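In: Fold the following and give me the result.
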Amino acid sequence: MFDVDLYQQVLGLSDPWKVVEVRLDMGSTAIHIHVQHGEGCRWKCPKCEQQLSCYDHAEERTWRHLNTCQFQTLVHARIPRVKCPEHGVVQVAVPWAEPHGRFTILMERFVIEVLQACQTVKGACQLLGISWDQAWHVMERAVARGMTRKEQLPAARIGIDEKAFAKGHSYLTIASDIDRGTVEFVTEGREKASLQRFFDSRTPAQLDGIEAIAMDMWEPYVQATLEAVPLARKKIVFDRFHIMQHMTRAVDTVRKREHRGLLQQGDDRLKRTKYLWLSSEENVGDSRRPFFEQLQASDLKTARAWAIKENLRNLWTYATPGWAQRFFDRWKSWAVRSRLAPVVAVARMISRKLENVTSYCRHPITNAVAEGLNSKIMAIKRRAGGFRNIENFKTVIYFHCGGLRLYP
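Out: Numbering: from 1, shown residues only. Predicted coordinates for the structure are as follows:
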């Protein structure tokens with residue numbers, strides 16, 4: 001009798017439900033808890049909550065509960081069904097489990113916590129002693145539950161980035177909330193239609209509530225944003241790190257070309273210096289700084305390109321677009337006079353997009369949050385050994401990075 005009362009409290013049961021039997025099976029190392037309800041009860045229709053009498057019972061079901069002293073704990077019960085005038089014959093809700101769940105609510109919460117800690121379904125299965133299908137079912141239900149509960153609040157500052165899913169130019173477009181640090185939307189491809197699907201999922205009020213959008217200079221993203229977001233031209237902010245990435249590649253191109261020419265003359269000054277030129281001033285190691293300062297002071301084309309690149313970083317220190325424009329005009333003149341083709345090409349590219357580069361002065365945002373989420377997604381992907389199913393990959397992203405309320 002003590003066991004019956006104990007599990008009555010453990011499961012949190014109250015009238016009309018009660019534990020009628022607790023049985024220990026040493027052969028299967030499992031504890032079986034049998035639950036029944038009293039006679040003459042009236043039940044709520046799970047869809048309209050109309051009070052109805054019992055129509056019949058479904059076949060006995062079993063739910064996995066939290067282990068008891070390392071023994072699997074299984075709950076058995078036959079669920080009553082009611083015949084609703086509006087919804088027909090339906091099963092009533094039970095207090096210990098979610099509809100269609102294989103676990104009790106407490107067990108499902110624990111599975112979610114283990115999945116979050118392990119970041120792989122296989123690892124969670126090994127710890128919990130459940131099948132891959134059971135663990136994945138919990139994850140899918142948690143994401144569906146979280147997406148339904150997600151508050152449709154306007155995300156004021158959005159980051160747009162792409163993520164490679166597999167080899168062969170297979171990409172995902174990821175929209176993130178910069179302030180909350182969460183993934184808001186994931187969809188296949190990186191075309192205009194891909195980002196358009198994100199904007200189509202937003203309400204007019206949410207689109208009006210967008211204050212700024214950080215992205216790289218990928219034209220399909222720009223066009224989708226201009227068409228969907230009110231006053232988008234003043235809200236787009238081209239990510240400073242992507243722009244500096246273009247400039248860093250230009251410096252590396254200059255270095256490679258100059259290095260080939262110098263080697264033909266027997267000059268190997270640029271040998272093993274690639275990562276010095278890719279670094280920012282403050283990131284050059286103390287051990288190599290004297291040598292690097294000598295290279296900077298030389299007549300190398302690479303040194304000029306690097307100086308131009310480092311000076312460009314000052315563009316994002318100005319408080320107003322007007323002053324930023326004045327700085328850029330001077331910088332562009334220097335870059336063009338350098339006659340270094342890769343540097344000139346980047347300067348002209350920035351010039352064409354300058355309005356949405358200097359918009360950083362009004363909206364000082366970058367895609368750093370999106371890049372951080374991308375790094376987390378990559379780590380999860382590596383631990384899982386990759387994903388063949390893109391829908392499964394999207395589910396995992398929402399589960400770990402969506403900021404969802406996952407618990408039942």
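In: rest of the way, CA atoms for contacts and neighbours
Out: OK.
In: give the contact list for the nearest residue to residue 37 once chain neighbours are set aside.
Out: Sequence neighbours aside, residue 17 is the residue nearest to residue 37 in space, at 4.4 Å (criterion: C-alpha to C-alpha, 6 or more residues apart in numbering). Residues in contact with residue 17, defined by C-alpha atoms under 8 Å, 6 or more residues apart in numbering, are 35-38.
In: Report the separation between residue 17 and residue 51.
Out: Separation of residue 17 from residue 51 (C-alpha to C-alpha, to the nearest Å) stands at 17 Å.
In: ditto for residue 237
Out: To residue 51, residue 237 is 56 Å away according to C-alpha to C-alpha.
In: Please apply the same query to residue 235.
Out: Residue 235 sits 53 Å away from residue 51, going by C-alpha to C-alpha.
In: higher neighbour count, the two?
Out: The neighbour comparison of residue 235 against residue 51 (other C-alpha atoms under 10 Å) goes to residue 235, with 22 against 14.
In: Identify the residues contacting the closest residue to that one other than its chain neighbours.
Out: Spatial nearest neighbour of residue 235, excluding adjacent residues (C-alpha to C-alpha, 6+ apart): residue 212 at 4.4 Å. Residue 212 is in contact with 156-158, 235-237, 363, 365, counting by C-alpha under 8 Å, 6+ apart.
In: Of the residues you listed, just say which sits nearest to residue 340.
Out: Residue 340 has its nearest neighbour among the contacts of residue 212 in residue 237, at 27.3 Å by C-alpha to C-alpha.
In: Specify the local secondary structure of the closest one.
Out: Taking DSSP: H, G, I helix; E, B strand; the rest coil as the rule, one finds residue 237 in the strand state.
In: Tell me how many other residues surround it.
Out: Number of residues near residue 237 (other C-alpha under 10 Å) recorded here: 29.
In: swap in the one 5 residues further on?
Out: The number of residues packed near residue 242 is 15, by other C-alpha under 10 Å.
In: Check residue 46 too.
Out: The tally of other residues near residue 46 (other C-alpha under 10 Å) stands at 17.
In: List the residues that contact the nearest residue to it once chain neighbours are set aside.
Out: The spatial neighbour of residue 46 that comes closest, neighbours along the chain excluded (C-alpha to C-alpha, 6+ apart), is residue 92 at 5.7 Å. Contact partners of residue 92, counting by C-alpha under 8 Å, 6+ apart, are 43-46, 79-82.
In: Nearest to residue 329 among these?
Out: residue 46 (66.9 Å).
In: didn't the closest one look like it was pressed against residue 89?
Out: No - applying C-alpha atoms under 8 Å as the test, residue 46 and residue 89 come out as separate, 10.7 Å apart.
In: Helices of the stretch 251-400 of the chain, start to end?
Out: Listed in chain order, the helices of the stretch 251-400 of the chain (DSSP state H, counting those that start in this stretch) span 274-278, 289-296, 301-312, 321-337, 341-352, 354-358, 368-384, 390-401.
In: Residue 128: which of those helices is closest?
Out: Smallest distance to residue 128 across the helices of the stretch 251-400 of the chain (C-alpha to C-alpha): 17.3 Å, for helix 368-384.
In: In the closest one, which residues are buried?
Out: By 16 or more other C-alpha atoms under 10 Å, the buried positions in helix 368-384 come out as 368-371, 373-374, 377-378, 380-381.
In: and if you look at stretch 166-179?
Out: Within stretch 166-179, the residues that qualify as buried are 171-178, counting by 16+ other C-alpha under 10 Å.
In: so how far is the first residue of it from its last?
Out: Distance between the two ends of stretch 166-179: 29 Å, counting by C-alpha to C-alpha.
In: What average pLDDT does that stretch get?
Out: Across stretch 166-179, pLDDT averages out at 84.
In: who's in contact with it?
Out: 155-165, 182-190, 194-195, 198, 367, 369-370.
In: Report whether residue 31 is found in a strand, as I expect.
Out: Yes - under three-state DSSP, residue 31 sits within a strand.
In: Verify the stated contact: it with residue 76.
Out: No - counting by C-alpha under 8 Å, residue 31 stays clear of residue 76, with 10.6 Å between them.
In: Which one's more surrounded, those two?
Out: residue 31 (20 against 17).
In: quick one, what contacts the more buried one?
Out: Here residue 31 is in contact with 22-25, 68, 71-74 (C-alpha under 8 Å, 6+ apart).
In: Just the ones of the residues you listed in strands?
Out: Taking DSSP state E, the ones among the contacts of residue 31 that sit in strands are 22-25, 68, 71-74.
In: that older thread, quick check: phi and psi at the residue nearest to residue 46.
Out: Per-residue torsions, residue 92: phi -80, psi 160 (degrees, to the nearest 10).
In: Then residue 20?
Out: phi -110, psi -20.
In: Quick check: it vs residue 7, distance?
Out: Per C-alpha to C-alpha, residue 20 is found 10 Å from residue 7.
In: Secondary structure class of residue 9, three-state.
Out: Judged by three-state DSSP, the three-state class of residue 9 is helix.
In: Need the contacts of residue 212 in JSON lines (columns: distance to residue 405 and pLDDT).
Out: Below are the contacts of residue 212 laid out as JSON lines (distance: C-alpha to C-alpha, whole Å; pLDDT from 0 to 100):
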{"residue": "156", "distance to residue 405": "21", "pLDDT": "92"}
{"residue": "157", "distance to residue 405": "21", "pLDDT": "95"}
{"residue": "158", "distance to residue 405": "21", "pLDDT": "95"}
{"residue": "235", "distance to residue 405": "30", "pLDDT": "95"}
{"residue": "236", "distance to residue 405": "30", "pLDDT": "96"}
{"residue": "237", "distance to residue 405": "30", "pLDDT": "96"}
{"residue": "363", "distance to residue 405": "30", "pLDDT": "94"}
{"residue": "365", "distance to residue 405": "27", "pLDDT": "94"}
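In: Okay then, goodbye and thanks.
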